[in-house]
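Engineer: Fold the following for me, if possible:
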Amino acid sequence: MKIFVLGSGGWGSALAILLHNNGHHVTMWTFFQEECERLKKERANEKLLPGVRIPDGIEITNEMTPAADADLVVMAVPSFAVASTAENLAAVLPEGIPVINVGKGLDAKHGYCRFSETIRRAIGGKNPIVALTGPTHAEEVARGIPTAIVAASTSRQAAELTQDVFMNDVFRVYTSPDIIGAELGGAFKNIIALGAGISDGLGLGDNSKAAFMTRGLTEIARLGVTLGARQDTFAGLSGVGDLIVTCCSMHSRNRRAGILIGKGKTAKEAMDEVGAVVEGYYATEAGYMLAQKMGVSMPIVEAMYHVLYEGGSAQEAIGMLMSRAKTHESEEVWLSN
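Structural biologist: Below is the predicted model:
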C-alpha cells in the first residue's frame with residue numbers, strides 16, 4: 001500500500017520505519033523545508049531516536065501532494081498542529097481514504113474536542129478516522145521491541161485495515177469500536193504522568209505514586225463515561241496500559257518534566273529542559289476546562305492545573321488532595337451486609 005505519514009518526529013519516524021519494514025511504500029512529511037533536507041541527507045532523527053536509521057526506501061517531503069495518491073494517511077503531528085495539518089490535508093485527500101491519528105491530546109482551540117473530531121471537522125464525513133493508541137514509546141517501536149496497541153474507530157472496516165497494515169511479529173494491534181474512550185485515555189494519561197513525575201521528583205515513594213496513578217485513572221474513566229466512552233476501555237491498553245508506561249518510563253517526556261517540577265523547576269523551565277513537546281501540560285488545561293464544563297469531579301486534574309497554571313506549589317497540591325472530604329473509593333452506592 002501507499003502510505004503517507006504526516007509528521008517526522010519520533011513517533012512519525014518510528015511508524016514510517018515499521019510500515020516500510022512491513023513492505024509498504026511510505027512517504028514521510030515534515031512541515032519545514034530545512035528539516036526535510038536534513039532528514040534526506042542524514043537519514044536519522046538522532047535527537048528523538050538516537051542510533052536509529054531511516055531506510056533509504058522511505059521518501060521524505062514537505063509537500064502535501066502525496067496524500068492525493070495514498071491508500072492510507074497517518075497523522076503523527078503534535079497536538080497544536082493537528083487542526084492546521086488536517087485543514088491542509090483536506091485540500092488534497094480523496095474521499096474514502098482512511099486517516100489514522102496517532103497523536104494524543106485535545107484540541108483547545110475548538111472547545112477541547114478529541115482529535116478525531118478536529119480532523120472530521122477539517123476533512124468532512126467521507127473518510128473513516130481511526131485512533132491508533134496505547135502503551136507505546138517511539139524509541140522501543142523503532143527498535144522492534146514487542147508492543148501492543150489499539151486501533152479504535154466507529155468504522156470496523158477501517159480499524160481492521162489498520163490492524164492488517166501495522167501488525168507484525170513485534171507489533172500487535174487490537175481493534176475497538178470505542179474511539180471516545182481510546183482518545184480520552186491517551187489524552188488524559190499525560191496529565192497523570194506529569195503528576196507521577198512530580199511525585200518522583202519530590203521523592204515521595206511508591207505508595208504516593210501508586211495512589212496518584214490509580215485515582216487518576218478513576219478520574220479519567222469518570223469523565224470518559226460522562227462523554228460517552230465505555231467503562232471497560234479504561235481497563236485496556238489505551239487506558240491503564242498507556243497510563244503505566246507513561247508514568248513509569250524514563251522515555252516519557254511528561255514524567256521527566258514532572259520530575260523537574262517536583263525538584264523545583266517551573267513548568268516552563270521543565271519543558272525547556274526536556275526539549276520536546278510535553279503534551280500533559282496542554283492536556284491539563286483541556287481536562288480542567290472540560291471537567292468544569294461537564295460538572296465532573298476531577299480533583300487530581302484540578303491540583304495539576306493549580307500547579308501548572310496558577311503558580312501553586314507541588315506541596316500545596318498534595319495538601320489539597322490529601323485533605324479532601326472522606327468518600328468511598330467506588331462511585332457505586334455502599335451496600336450494607
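
Engineer: Please count neighbours and contacts with C-alpha atoms only from this point.
Structural biologist: OK.

Engineer: residues contacting Ile198?
Structural biologist: Shown in contact with Ile198 (C-alpha atoms under 8 Å, 6 or more residues apart in numbering): 255, 257-263, 314.

Engineer: By neighbours, which of those residues wins?
Structural biologist: Within the contacts of Ile198, Gly258 tops the neighbour count with 34 neighbours, counted by other C-alpha atoms under 10 Å.

Engineer: about what we covered before: can you tell me which of the contacts of Ile198 are in strands?
Structural biologist: Among the contacts of Ile198, no member is found in strands (DSSP state E).

Engineer: Asn207: neighbour count?
Structural biologist: When neighbours are counted by other C-alpha under 10 Å, Asn207 registers 8.

Engineer: Mind telling me what element it is part of?
Structural biologist: Assessed by DSSP states H and E, Asn207 sits inside helix 206-226.

Engineer: what about that helix, average pLDDT?
Structural biologist: Averaged across helix 206-226, pLDDT comes to 95.

Engineer: Using PDB, write out every CA atom in it.
Structural biologist: Coordinates of each C-alpha in helix 206-226 appear next as PDB, following Å, rounded to 0.1, in the frame of the first residue of the first chain:
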ATOM      1  CA  ASP A 206       5.900   4.100  45.700                       C
ATOM      2  CA  ASN A 207       2.800   4.500  47.900                       C
ATOM      3  CA  SER A 208       2.200   8.000  46.700                       C
ATOM      4  CA  LYS A 209       2.800   7.300  43.100                       C
ATOM      5  CA  ALA A 210       0.600   4.200  43.100                       C
ATOM      6  CA  ALA A 211      -2.300   6.200  44.700                       C
ATOM      7  CA  PHE A 212      -1.800   9.000  42.200                       C
ATOM      8  CA  MET A 213      -1.900   6.700  39.200                       C
ATOM      9  CA  THR A 214      -4.900   4.700  40.400                       C
ATOM     10  CA  ARG A 215      -7.100   7.600  41.500                       C
ATOM     11  CA  GLY A 216      -6.000   9.400  38.300                       C
ATOM     12  CA  LEU A 217      -7.300   6.600  36.200                       C
ATOM     13  CA  THR A 218     -10.600   6.700  38.200                       C
ATOM     14  CA  GLU A 219     -10.900  10.400  37.200                       C
ATOM     15  CA  ILE A 220     -10.200   9.700  33.600                       C
ATOM     16  CA  ALA A 221     -12.800   7.000  33.400                       C
ATOM     17  CA  ARG A 222     -15.400   9.200  35.200                       C
ATOM     18  CA  LEU A 223     -15.100  12.000  32.700                       C
ATOM     19  CA  GLY A 224     -14.800   9.500  29.800                       C
ATOM     20  CA  VAL A 225     -18.100   7.700  30.700                       C
ATOM     21  CA  THR A 226     -19.800  11.100  31.000                       C
END
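
Engineer: now that helix: how far from the chain's centre is it?
Structural biologist: Computed by C-alpha atoms, centre = their mean, to the nearest Å, the separation of helix 206-226 from the middle of its chain amounts to 17 Å.

Engineer: Identify each buried residue in it, please.
Structural biologist: The neighbour-count check on helix 206-226 (16 or more other C-alpha atoms under 10 Å) flags 209, 212-213, 215-225 as buried.
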